[in-house]
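**Student:** Could you look at this predicted model? Sequence included:
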Amino acid sequence: MSEPTVHTDSTPRERSAMLHFPEGFMWGAGTAAYQVEGATAEDGRGPSIWDSFCARPGAVLNGHSGETATDHYHRFAEDVALMAQLGLRAYRFSVSWPRVQPDGRGPLNPAGLDFYERLVDALLDHGITPALTLYHWDLPQALQEQGGWGARETAARFADYASAVARRLGDRVPLWATVNEPWCAAFLGHAAGVHAPGLVDPALSLRTAHHLLLAHGLATQALRAAVNRQARVSVALNLSPVSPAADTAVDHDAARRIDGLLNRMFADPLLHGAYPDDVRADTRHLTDWSFVRPGDEHTIASPIDLLGVNYYSTKTVAAGGQALGPSPWPGAETVRFRVPEERPVTAMGWPIEPSGLTELLRWLHTRYPHTPLLVSENGAAFEDCVDQAGQVQDTERVCYLHDHLAAVHAAISAGVDVRGYFVWSLLDNFEWTFGYSRRFGITYVDYTTQRRLLKSSARWYRDVIAANAVPTS
Ligand code: FCB
């Protein structure tokens, strides 16, 4: 990729004060269907595993659900106008499988497909590139009742669904992602039980991870057959650099295990065509891995055009003692996660580590040198509130975004091929187990009136996009 470009219409002083991004860098923001759409029982949408999970007492903070969310299903035109106001070049959204195919197999719901077509057309009318994710965790409940992602069959159903969406939108959507964060869907959903479908079964969670990856591979092939030839296909992984808390053999081993389960277990089969031996060995007491059939790893490694990287923080780990209950780390349940004391954290308690993003992008570039990268999610929750002047001055988020964009720039300057950056999120929304208590948006949403209000970070981001550059400090 070419060096970051220098704008010729700025003075030398301004030039040195800005970090310029490559021409055509894709500036975007993201959301996901269940987190923003609402309208869960409208126009023929079927129930999803998140509807069922939210209905379970105690599963989600304050009993919240995505039933209304930010009402994006009805307000998408207003939201697209907002994106245009910010100058977004791209919008990453997900399609709700049960809205398009209520039972996860068989008949399609034309009204569901119509909705996404209206959204895509509105984006295109405003010159905003639609970046469509096929699966952001809302499996049709009907498929869960037939085994969900624990059943190999679900991967084939996903490829059919991918074809159906591609047949309708494949001529207009230039950027596709199959699955969002299979680690979360598999391990938070099936080992820790804190995400839908809320199961606690470490062996099942590993099988599930494989079926999600297989679904990605099959869907990639299905998309290639149905979308136009310029369209690009990707997958979005949540990845983090992992380091040992202390320079001891046991902490190094803990770091290797967590890195294996979080990073290499997903990226290796996708980009090297094989699961890591150490991850298989670490989990051998839970499963014999016979769910991996001959040819599966080849399918999973079907070529992709871009790897989506969702980055929020680094992980520092120490070897532990006893497991403290259900864990999202099958075979590494005793590992402890530490937040180094001096480190600032977000409202999620996640350490703020911009340099970890440079490190991660550089590591990916070294390990998988042929795959261009896209930062498909990055952002932070803070305690935002509307002040007396009616503004949301989210200075901490501006700093967070600034420092992470500078980190992306550093990776690009070091030769890493990063094609774009998507802020998580365009809007405050339903933050899964945390309900509406965590605000990640650059736009504030008043959940009683559904009024949208640009936060300072949105205005700051608008200026970044317009300049194709970030101030040095
Ligand atoms: C990611 C999810 C996204 C959002 C952010 C904060 O793991 O993909 O939906 O919840 O975290």
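**Tutor:** Received the coordinates, thanks. Numbering: from 1, shown residues only.

**Student:** does residue 402 count as helix, strand or coil?
**Tutor:** Following DSSP: H, G, I helix; E, B strand; the rest coil, we place residue 402 in the helix state.

**Student:** start the count at 55, not 1, going forward
**Tutor:** Will do, 55 is the new start, and the previous item becomes residue 456.

**Student:** for it, what are its contacts?
**Tutor:** Residue 456 makes contact with 514, 524, 525, according to Cβ atoms under 8 Å, 6 or more residues apart in numbering. C-beta here means a position set from N, CA and C on the backbone, and glycine is covered the same way.

**Student:** can you tell me which of those residues are in strands?
**Tutor:** 524, 525 (DSSP state E).

**Student:** check contacts around residue 145.
**Tutor:** Per Cβ under 8 Å, 6+ apart, neighbours of residue 145: 82, 83, 84, 85, 134, 137, 177, 182, 183, 184, 185, 480.

**Student:** In a helix, it, correct?
**Tutor:** No. Under three-state DSSP, residue 145 falls outside any helix and is assigned strand.

**Student:** So what sits opposite it in the bridge?
**Tutor:** residue 83, residue 184 (DSSP bridges).

**Student:** Can you tell me how far the residue of the stretch 205-354 of the chain found nearest the ligand is from residue 294?
**Tutor:** Nearest residue of the stretch 205-354 of the chain to the ligand (Cβ to the nearest ligand atom) works out as residue 235 at 4.9 Å. For residue 235, the distance to residue 294 (Cβ to Cβ, to the nearest Å) stands at 12 Å.

**Student:** try residue 402
**Tutor:** 13 Å.

**Student:** can you check residue 385 too?
**Tutor:** 18 Å.

**Student:** do residue 324 as well
**Tutor:** For residue 324, the distance to residue 294 - Cβ to Cβ - is 17 Å.

**Student:** Residue 162 touches residue 152, doesn't it?
**Tutor:** No. Look at residue 162 against residue 152 with Cβ atoms under 8 Å: they stay out of range, at 11.3 Å.

**Student:** Kindly report the residues of this protein close to the ligand.
**Tutor:** 86, 89, 234, 235, 238, 292, 364, 431, 478, 485, 486, 494 (Cβ under 6 Å from any ligand atom).

**Student:** can you pull the contacts of the fourth one?
**Tutor:** Right, residue 235. 191, 290, 291, 292, 364.

**Student:** CSV please, covering these and showing pLDDT, neighbour count and secondary structure.
**Tutor:** As requested, these are exported to CSV (pLDDT from 0 to 100; neighbours: other Cβ atoms under 10 Å; DSSP: H, G, I helix; E, B strand; the rest coil):
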residue, pLDDT, neighbour count, secondary structure
191, 98, 26, coil
290, 99, 28, strand
291, 99, 23, strand
292, 98, 19, strand
364, 99, 21, strand
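
**Student:** In these, find the pair that's most separated.
**Tutor:** Across these, no pair lies farther apart than 191 and 291, at 14.0 Å, counting by Cβ to Cβ.
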